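S.K.: Next input, structure requested:
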Amino acid sequence: MTNRRGAGAYARVGVESAVMSADPHQLIVMLFDGVQAAISSAQLHLQDGNREAKGAAISKAIDIVNNGLAAALDHERGGEIAANLARLYDYVSRLLLQANLRDDAAPLARAAAILDDLGSGWRELRASGAAP
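M.R.: Purely as a prediction, here's the structure:
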């Protein structure tokens, strides 16, 4: 048990260090990675019948979408693109909520696919040199 706590603390320090040194583009990519990890965890817990852990993982995913990705949108500078992303993030949040309430894997898969497409776009921006 002590080793597990130590590993968890070490992982948190690693994540905190990565966040502190990340540029805004990298932070968005980290949010996409985090939400995908939460959705994957929820899918596993759903398969195992662990409703409590599934609910916690979905809640974490919703939090990342709403308080991370959606909150990071710059509606003033982003215009129509930001508005479209806001609607898409709202749809993803509703899919996640539906998956949680109905113990349904299909909305989880749909949310993961949408977020994977968006996250890939952010990663491609960096690769193409278009991102800071």
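
S.K.: got the residue ranges for the helices in this protein?
M.R.: Along the chain, counting by DSSP state H, helices occupy 2-21, 24-48, 51-64, 75-102, 105-128.

S.K.: mind putting those helices in TSV, mean neighbour count and mean pLDDT included?
M.R.: Backbone N, C-alpha and C define where each C-beta goes, glycine included. Formatted as TSV, these follow (neighbours: other Cβ atoms under 10 Å; pLDDT from 0 to 100):
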stretch	mean neighbour count	mean pLDDT
helix 2-21	10	46
helix 24-48	17	95
helix 51-64	19	98
helix 75-102	15	96
helix 105-128	15	92
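
S.K.: Give me the number of neighbouring residues for the nearest residue to residue 85 once chain neighbours are set aside.
M.R.: Among residues not flanking residue 85 along the chain, residue 73 sits closest, at 5.8 Å (Cβ to Cβ, 6 or more residues apart in numbering). Residue 73 is flanked by 16 other residues according to other Cβ atoms under 10 Å.

S.K.: Now residue 39: closest residue in space that isn't a chain neighbour?
M.R.: Setting aside the residues directly before and after it, residue 39 is nearest to residue 112 in space (Cβ to Cβ, 6+ apart), at 4.7 Å.

S.K.: what's the spacing between that neighbour and residue 61?
M.R.: Computed as Cβ to Cβ, to the nearest Å, the residue 112 to residue 61 distance reads 9 Å.

S.K.: what's the overlap in contacts for those two?
M.R.: In terms of Cβ atoms under 8 Å, 6 or more residues apart in numbering, residue 112 and residue 61 are both contacted by the residues residue 39.
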